[in-house]
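Peer 1: below are the sequence and a predicted model; questions follow.
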Amino acid sequence: QVQLVESGGGLVPAGGSLRLSCAASGRTFSSYGMGWFRQAPGKEREFVATISRNGARTYYADSMKGRFTISRDNAKSTVYLQMNRLQSEDTAVYYCAANPRTDWGFQTYDYGYWGQGTQVTVSS
């Protein structure tokens, strides 16, 4: 089992940047594929990015490509999401998640463990 705690959210003007962190504790962090999702008010939770256990492979939702970067530091049991050129449509609660079964995943059901989320608000 793993526990996840996100941090780094906040209020940022359009065009700005934020770096989210997700610290894991519990079972060996490097045994999990990791992902970031987000959920805006009134909308379903959507995929943002995923990274393989060793960090060698990353995948992004189309609207995030070129603006967001997912990375991980297994020595620190932490996954990051660098977000640049933020837009008002990026306003949401951002969640990190751990996938105990496969190296990466694009669906919420791929992930067995979730953090509590961190709010990102982009002002226009």
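Peer 2: Received it, and whenever you're ready, just let me know what you need. Numbers count the residues shown, from 1 in each chain.

Peer 1: can we go C-alpha only for contacts and neighbour counts from here?
Peer 2: OK.

Peer 1: how close does residue 44 sit to residue 6?
Peer 2: 19 Å (CA to CA, to the nearest Å).

Peer 1: now swap in residue 20 and tell me
Peer 2: Residue 20 sits 7 Å away from residue 6, going by CA to CA.

Peer 1: check residue 116 too.
Peer 2: 7 Å.

Peer 1: which neighbours do these two have in common?
Peer 2: residue 95 (CA atoms under 8 Å, 6 or more residues apart in numbering).

Peer 1: so those two - more neighbours on which side?
Peer 2: The neighbour comparison of residue 116 against residue 6 (other CA atoms under 10 Å) goes to residue 6, with 23 against 14.

Peer 1: could you report the neighbour count for residue 65?
Peer 2: 12.

Peer 1: what do you get for residue 40?
Peer 2: Neighbour count for residue 40, taken as other CA under 10 Å: 16.

Peer 1: nearest residue to it other than its sequence neighbours?
Peer 2: Nearest residue to residue 40, sequence neighbours excluded (CA to CA, 6 or more residues apart in numbering): residue 92, at 4.2 Å.
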